[in-house]
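S.K.: what's the 3D shape of this:
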Amino acid sequence: MLVARVTLWPSPAPGETFNVVRAVVGWFSDRGWPVTYAGVEAVANVVMFLPFGVLVGLLVRRWWIVVLLALATSATIELAQLAFLPTRVPTVQDVVLNTLGAALGVLALRLRTGRTTGRLPAQEEPARREVPDVSR
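M.R.: Next up is the predicted model:
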């Protein structure tokens, strides 16, 4: 829901939000840190889709399907902005960074759970019992 709010609201954010970001970027710049508004926006696009990679990665067996779903979701968001939200600025960069965020999320999940292959370990089949022949 938060991703939908952030990406599909008619206006990007209230002016005071941008003022806070600009103030933080300025504070870092004054101290010699190479932080820019564009850099903060790029990092935010990656971070916003990290949970997508983790949560969808819990539901989908193959990591690459999670990444493709993130790509499709992000592209849909950007196309919706292009078609219906004239105050928004859709970009290919957003799609790439969102997809990267989901890929990093699913990678973190796989590293955490010890799954490094493209699919989950096979489930063990329940032990089969021999059914006694009672027809005699």
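
S.K.: Grab the most central residue of the protein for me.
M.R.: In the chain, the residue lying closest to the centroid (Cα atoms, centre = their mean) is Phe49, at 2.1 Å.

S.K.: For it, pull up the helix or strand it's in.
M.R.: helix 37-59 (DSSP states H and E).

S.K.: re earlier: now the residue nearest to the centre of the chain: closest residue in space that isn't a chain neighbour?
M.R.: Gly101 (3.3 Å; Cβ to Cβ, 6 or more residues apart in numbering). Placement of C-beta: from N, CA and C, glycine included.

S.K.: Next: Tyr37.
M.R.: Of all residues not flanking Tyr37 in the chain, Val25 sits nearest, at 5.4 Å (Cβ to Cβ, 6+ apart).

S.K.: next one: Pro51
M.R.: Gly105 (6.4 Å).

S.K.: which ones are touching that neighbour?
M.R.: Gly105 sits next to Phe49, Leu50, Pro51, Phe52, Gly53, Val54, Leu55, Gly57 when contact means Cβ atoms under 8 Å, 6 or more residues apart in numbering.

S.K.: Are any of the residues you listed buried, and if so which?
M.R.: Using 16 or more other Cβ atoms under 10 Å as the burial test, the contacts of Gly105 include Phe49, Leu50, Phe52, Gly53, Val54, Gly57 as buried.

S.K.: just curious, which of those is nearest to Leu97?
M.R.: Phe49 (7.9 Å; Cβ to Cβ).

S.K.: Could you report the separation of that closest one from Leu104?
M.R.: 8 Å (Cβ to Cβ, to the nearest Å).

S.K.: One more: Leu50?
M.R.: Here Leu50 is placed at a distance of 6 Å from Leu104 (Cβ to Cβ).

S.K.: Got the phi and psi for the residue nearest to Val35 when sequence neighbours are not counted?
M.R.: Nearest non-adjacent residue to Val35, counting by Cβ to Cβ, 6+ apart: Phe28, 3.9 Å away. Taking degrees, to the nearest 10, you get phi -60, psi -40 for the backbone angles of Phe28.

S.K.: one step back: count of neighbours near the residue nearest to Phe49?
M.R.: Close neighbours of Gly101, defined as other Cβ atoms under 10 Å, add up to 23.
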